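>>> Output the structure for:
(one chain, ligands or ions: 3)
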Amino acid sequence: MSLSFPHDVSRALTPGHPNWPGDAPLVVQPGLRIAGGDSVNTGILSTSTHTGTHVDAPWHYDDAGARLEAIPLDVWVGPCRVLDVRGRAEDGLIPGSVLEGLPQQLPARLLLHTGQPAHWAQFPRDFVALAPALIHAAAARGVRLIGTDSPSVDPLESKALDAHGACRDTGVLILEGLNLSAVPGGDYGLVCLPLPLSGADGAPARAILLPAGTL
Ligand SMILES: N[C@@H](CC(=O)c1ccccc1NC=O)C(=O)O
Ligand SMILES: [Zn+2]
Ligand SMILES: [Zn+2]
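Ligands and ions are numbered 1, 2, ... in the order given. Coordinates of the predicted model:
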């Protein structure tokens, strides 16, 4: 099945969207109402910075790390490779071996399709995470941004956050909660635009794919 472009790889932010256990929920409260005599309708948005499709800034996992506004925009926009790694997990982690046989130089943005569905009716507690060795192997192939359809690059119960630590150590940035359910593996152009939340540890983002060669 070929994609039509632009192809949205963002999760719809429906009220009550399943979030990380204990994290702040997505809430949109009514603001002004035309029906109430106001000139416009408005809403009041409250959300975790990690709701749905979002980016992590290094400060999220490194207290000395960069805040969101310090990350150059070109990291989020440019050529990417979507890699179908469904069924490749070993003990719940995608290993570095999934890169074996790929070119020594990859596109700067690598998006991993682990098999998450388009819609999370509830939080996917059994999601597949990434082995730190995969982060290091990707960085060695020129990857500057790693994306996943999982809600995190680390397992739900992780306290060590080894994959985030590998991103800290390699400078690889993180895009989580993608919707790659309809995306065949291959090369595309990625446009990922985080909300410009200054001083933040991350932000929800609208991410789309364009045909390869567009960017
Ligand atoms: N998307 C987040 C998930 C996460 O780790 C998290 C999110 C909100 C509150 C706590 C979290 N992790 C550990 O406590 C992340 O992996 O960066
Ligand atoms: Zn996150
Ligand atoms: Zn993360």
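>>> which strand residues sit across from the closest residue to ligand 3 within the chain in the sheet?
Distances between the chain and ligand 3 by C-beta to the ion are smallest at Asp56, namely 4.2 Å. Where C-beta positions appear, they are placed from N, C-alpha and C, glycine not excepted. Listed by DSSP bridges, the beta-bridge partners for Asp56 are Ile174, Gly202.
>>> which stretches of this protein have low pLDDT?
1 (pLDDT under 70).
>>> Setting aside sequence neighbours, what's the nearest residue to Val27?
In this structure, Val27 finds its nearest non-sequential neighbour in Ser46, 4.5 Å apart by C-beta to C-beta, 6 or more residues apart in numbering.
>>> Quick check, that neighbour in contact with Asp23.
No. Contact criterion C-beta atoms under 8 Å: Ser46 and Asp23 do not qualify, at 11.9 Å.
>>> Give me the more crowded residue out of those two.
Comparing Ser46 with Asp23 by other C-beta atoms under 10 Å, the one with more neighbours is Asp23, at 15 against 11.
>>> residues in contact with that one?
In this structure, Asp23 makes contact with Ser48, His50, Thr51, judged by C-beta atoms under 8 Å, 6 or more residues apart in numbering.
>>> now do His136
By C-beta under 8 Å, 6+ apart, the contact set of His136 is Gly96, Ala166, Thr170.
>>> I'd guessed the residue of the chain closest to ligand 3 sits against Arg168; true?
No. Counting by C-beta under 8 Å, Asp56 sits too far from Arg168 to count as a contact (10.3 Å).
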